[in-house]
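1. Please work out how this folds:
(chains A and B)
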Amino acid sequence: MIASVIRPSGALRCGDLLCQFGLTQPACQSKLTGVDIEELSVNLSSDDPATGLRASLALHRLAERVEAHHVASAREKGWSWQQIGDALGITRQSVHAKYTKESS
Amino acid sequence: MTTQSVAPEVLHPWAIYLRASEEARRRGDRRTGTDHLLLALLEDPSTEAVLGVSLQQARQAHESLDHQALGALGMGPGTDAPPLPMRAVPKKPRIRDVAKKDRLRLTPAAKKVLQDAVRPNRRKAQVTAQQVLAQILTLQPPDPAAVLLGALGVNTSEVRRRLDAVTPDS
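-> Residues are numbered from 1 along each chain as shown, chains lettered A, B, ... in the order given. The predicted structure follows:
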């Protein structure tokens, strides 16, 4: 649905010529060969501000989710708000105000 | 196309805003943008019918746009965290619901969408999902909602025509 990335005609396909099996660990290999090389090169070569700015926001979102996830798990493990605040570099009140409704 | 002449549900702009801000919270955003307004409207089945897109599809499209952008930075598809839990939103919001300290404020574009949607109405506390959607459809691509609609393959002029058919009075 979304993966309708415009592919340049005649671009190299990820075939036997490009992939040599056995060079990387099996766990990584499946991930590597799964990557669509054409798509990746199209993305990397584009210094499109729309993509870059979106990526910056996406990183914000990712950081926010990771923080929330780990604050919740820290609370489950019995960390105090003070400890979590120290770890994040903010006051315990700020952490508490932000996460208390979600964790309870 | 079945265009029943059912009176569209009248909402308070705050109700749309609060729903949108929960969508923003779910994604880990700091502000409520036009894309979140669009997702909030999609909770209503009639909007889903007009757009031909479901809420789930729209959320997935949002995610995959993010993955594409992160991919451009060289971050693989494995970098992901689950969405955050959403809070319940009151059906008839009061001032204390909206004025909460930890609310996610509207982006300037989202604020303009809501203001312009309410403008033609006599009562400023009432707006329909169709009016807000009509404003969102006027946005152009760098705007997150327009990007999302583009990713979903929604034909905006077609949807606008369908909206006019549903609401003949406006």
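
2. all contacts plus neighbour counts: C-alpha atoms, from now on.
-> Will do.

3. Identify each buried residue in the lowest-mean-pLDDT helix or strand in chain B, please.
-> Here the helix or strand of chain B ranked lowest by mean pLDDT, DSSP states H and E is helix B:95-98, holding a mean of 76. Residues of helix B:95-98 classed as buried: residue B:98 (neighbour count, 16 or more other Cα atoms under 10 Å in any protein chain shown).

4. what's the answer for stretch B:130-141, then?
-> Buried residues in stretch B:130-141, counted by 16+ other Cα under 10 Å: B:130, B:131, B:132, B:133, B:134, B:135, B:136, B:137, B:139.

5. Over to stretch A:70-79?
-> Applying 16+ other Cα under 10 Å to stretch A:70-79 flags A:71, A:72, A:75 as buried.

6. circling back to that earlier point, nearest to chain A among the buried residues of stretch B:130-141?
-> Using Cα to the nearest Cα, residue B:139 comes nearest to chain A of these, at 15.4 Å.

7. and that closest one, that's in a helix?
-> No. Inclusion of residue B:139 in a helix is not indicated when DSSP: H, G, I helix; E, B strand; the rest coil is applied; the result is coil.

8. got a list of contacts for stretch B:100-111?
-> Contacts of stretch B:100-111 with the rest of the structure, by Cα atoms under 8 Å, 6 or more residues apart in numbering or on different chains, involve A:98, B:21, B:24, B:25, B:30, B:31, B:32, B:33, B:34, B:37.

9. Tell me the secondary structure at the fifth one.
-> Under three-state DSSP, the three-state class of residue B:30 is coil.

10. wait, isn't it in contact with residue B:22?
-> No. If you go by Cα atoms under 8 Å, residue B:30 and residue B:22 don't touch, sitting 10.8 Å apart.

11. Neighbour count for these two, which is higher?
-> residue B:22 (23 against 18; other Cα atoms under 10 Å in any protein chain shown).

12. From chain A, how far out is the more buried one?
-> Look at residue B:22 and chain A: by Cα to the nearest Cα, to the nearest Å, they are 12 Å apart.

13. mind listing what the closest residue in space to that residue that isn't next to it in sequence touches?
-> Distances taken as Cα to Cα, 6 or more residues apart in numbering or on different chains place residue B:86 nearest to residue B:22, at 5.6 Å, with adjacent residues excluded. Contact partners of residue B:86, counting by Cα under 8 Å, 6+ apart, are B:22, B:23, B:25, B:26.

14. Quick check: of those residues, which has the highest neighbour count?
-> For the contacts of residue B:86, neighbours tallied by other Cα under 10 Å; top is residue B:23, 26 neighbours.

15. What does the pLDDT read for it?
-> pLDDT, residue B:23: 88.

16. Spatially, what comes nearest to it if we skip its sequence neighbours?
-> Setting aside the residues directly before and after it, residue B:23 is nearest to residue B:36 in space (Cα to Cα, 6+ apart), at 5.8 Å.

17. Show the low-confidence segments of chain B, by residue range.
-> For chain B, residues meeting the criterion pLDDT under 70 lie at B:1-7, B:78-79, B:101, B:166-170.

18. Same check on chain A?
-> For chain A, the stretches flagged by pLDDT under 70 are A:1-46, A:101-104.

19. just checking, what packs against the longest helix anywhere in it?
-> Secondary structure of chain A per DSSP state H: the longest helix is helix A:49-76. Counting by 3 or more Cα pairs under 8 Å, 6 or more residues apart in numbering or on different chains; DSSP states H and E, the packing neighbours recorded for helix A:49-76 are helix A:81-88, helix A:92-103, helix B:55-72.

20. what about residue 52, neighbour count?
-> In the absence of a named chain, this looks at chain A. 16.

21. should've been chain B
-> Neighbour tally, residue B:52, other Cα under 10 Å: 13.
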